[in-house]
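In: What follows is a protein structure lacking sequence information:
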């Protein structure tokens, strides 16, 4: 009969209506639960300011790790060695080794002086001049004082060259750019749907609640953001009273046709992990450097004793070169971060100006280069001191 829906079709239509009804209910619940920014964000509720704040937080965290590492690097090995208690049984081995190195250094210096004297005394012209004998006797006194006060002398050398580290670490803590930080707030009136979702009683009690607002806060550093997005627009206005004005103030970077915040944040995570890994590597290097300098200070009398002979004094010179290179290693690492920030800003800015589309890859390559440089900082500092 016309106008009558057959039973099987009626059942399918009924099932379809039920499905549509469930979908409407689900979307209605999501609309009630979701914050007001979702309509202006991606499907996960993130927008451009979320990306920028994530960058700022990770750069700040990396700087915090570096600041602690470089603060620890200012620990003087001279202070560490001289703080070893003289009566503590737990440090008895350290005291014994320190004293034994001085004793052995005096023995080595004596032997080298004897060999040097016999070698020169064969030359009658040298031994016939009293000036040479007097100089040799003065040399004995100088070497004795040098060996006995080797740790003190090395300590003064440390303090002298550590002034370079002081200039590098105390001028600024922003080893990665994170200046120009501003706090942005968006105070937005709650929607009717969100107010109802809190409960009918609260809504009627507040009589429509025309003055109920949600406040969203973002801390964003323009310098940190522009390391990754050189053309990012950072507004000067910090307070907003509507969703539209807040969203319009943070347009997508022009390099991105379709800026998907969640995907951008996901792509940045490997870079953030590398940044923090490099910061922890610096911490490990700094700790190892304190150990190395402390050991150098304890055993310093042995290499310095080689100054007693003209044929072995190169050993003492190389020891002092290695010691100085280890001292200035911190300054070398600091300068690596400064050069990294300048290189990253310049290279990324140039690529952005030329329409580059693989800026994250360039950031990744430059970060890896920084990591390799940090791990080779000891070699670089030795080359500065003329050690191949």
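Out: Okay, I see it. Bear in mind the structure is a predicted one, so any value in this text is a computation, not a measurement.
In: which stretches of the stretch 201-350 of the chain form helices?
Out: Under the criterion DSSP state H, counting those that start in this stretch, the stretch 201-350 of the chain carries helices at the ranges 222-228, 243-249, 261-299, 301-304, 313-327, 329-353.
In: what's the next secondary structure element after the last one?
Out: Yep, that's helix 329-353 we're talking about. The helix or strand immediately downstream of helix 329-353 is helix 359-375, counting by DSSP states H and E.
In: Who are the packing partners of that next one?
Out: With contacts taken as 3 or more C-beta pairs under 8 Å, 6 or more residues apart in numbering; DSSP states H and E, helix 359-375 sits against helix 222-228, helix 261-299, helix 329-353. Where C-beta positions appear, they are placed from N, C-alpha and C, glycine not excepted.
In: Minimum distance to residue 118: which of the helices of the stretch 201-350 of the chain has it?
Out: Nearest to residue 118, of all these, is helix 313-327, at 17.4 Å by C-beta to C-beta.
In: Show me how far that closest one is from its chain's centre.
Out: Centroid displacement of helix 313-327 relative to its chain, using C-alpha atoms, centre = their mean, to the nearest Å, is 29 Å.
In: Could you do stretch 380-388 as well?
Out: A distance of 24 Å separates the centroid of the chain from that of stretch 380-388, by C-alpha atoms, centre = their mean.
In: tell me how far the ends of that stretch are from each other?
Out: 10 Å (C-alpha to C-alpha, to the nearest Å).
In: Quick check: buried residues in that stretch?
Out: Of the residues in stretch 380-388, 380-382, 385 count as buried by neighbour count, 16 or more other C-beta atoms under 10 Å.
In: repeat for stretch 329-336
Out: Within stretch 329-336, the residues that count as buried by 16+ other C-beta under 10 Å are 329-334, 336.
In: Next: stretch 52-70.
Out: For stretch 52-70, burial by neighbour count (16+ other C-beta under 10 Å) applies to 52-60, 62-63, 65-67, 69-70.
In: Among the buried residues of stretch 380-388, which ones are in helices?
Out: Counting by DSSP state H, those place 380-382 in helices.
In: before we move on, back to that, and of the helices of the stretch 201-350 of the chain, who's closest to residue 154?
Out: Set against residue 154 and scored by C-beta to C-beta, the helices of the stretch 201-350 of the chain come closest in helix 261-299, at 5.3 Å.
In: Can you give the contact residues for stretch 164-183?
Out: Applying C-beta atoms under 8 Å, 6 or more residues apart in numbering, the contact partners of stretch 164-183 are 56, 59-60, 62-63, 66-67, 70-71, 73-74, 217-224, 226-227, 234, 238, 275, 327-328, 330-331, 334-335, 337-338, 340-341, 345.
In: Any idea how far apart the tips of it sit?
Out: End-to-end span of stretch 164-183 (C-alpha to C-alpha): 35 Å.
In: Do I have it right that residue 367 meets residue 272?
Out: No: at 9.8 Å, residue 367 does not count as touching residue 272 under the criterion of C-beta atoms under 8 Å.
In: any chance of the ones in helices among the buried residues of stretch 380-388 in TSV, plus distance to residue 288?
Out: Shown next, in TSV, are those (distance: C-beta to C-beta, whole Å):
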residue	distance to residue 288
380	16
381	13
382	15
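In: and which of those is nearest residue 293?
Out: Distance to residue 293 across these (C-beta to C-beta) is lowest for residue 381, with 12.5 Å.
In: Which residues are in contact with the closest one?
Out: 325-326, 328-329, 332.
In: And residue 300, by the same measure?
Out: Applying C-beta under 8 Å, 6+ apart, we find residue 300 in contact with 101, 150-151, 153-154, 319, 323.
In: Repeat that for residue 150.
Out: By C-beta under 8 Å, 6+ apart, the contact set of residue 150 is 102, 105, 300-301, 304.
In: how much space between residue 224 and residue 58?
Out: Distance of residue 224 to residue 58, computed by C-beta to C-beta, to the nearest Å: 8 Å.
In: what do you get for residue 165?
Out: 26 Å.
In: where does stretch 72-81 sit relative to the chain's centre, distance-wise?
Out: Computed by C-alpha atoms, centre = their mean, the separation of stretch 72-81 from the middle of its chain amounts to 21 Å.
In: Just the buried residues of that stretch, please?
Out: Buried positions in stretch 72-81, judged by neighbour count with 16+ other C-beta under 10 Å: 73, 76-78, 81.
In: Residues contacting it, please?
Out: By C-beta under 8 Å, 6+ apart, the residues outside stretch 72-81 that reach it are 98, 151-152, 154-155, 158-159, 162, 165-166, 169, 283, 286-287, 289-290, 293-294, 296-298, 330.
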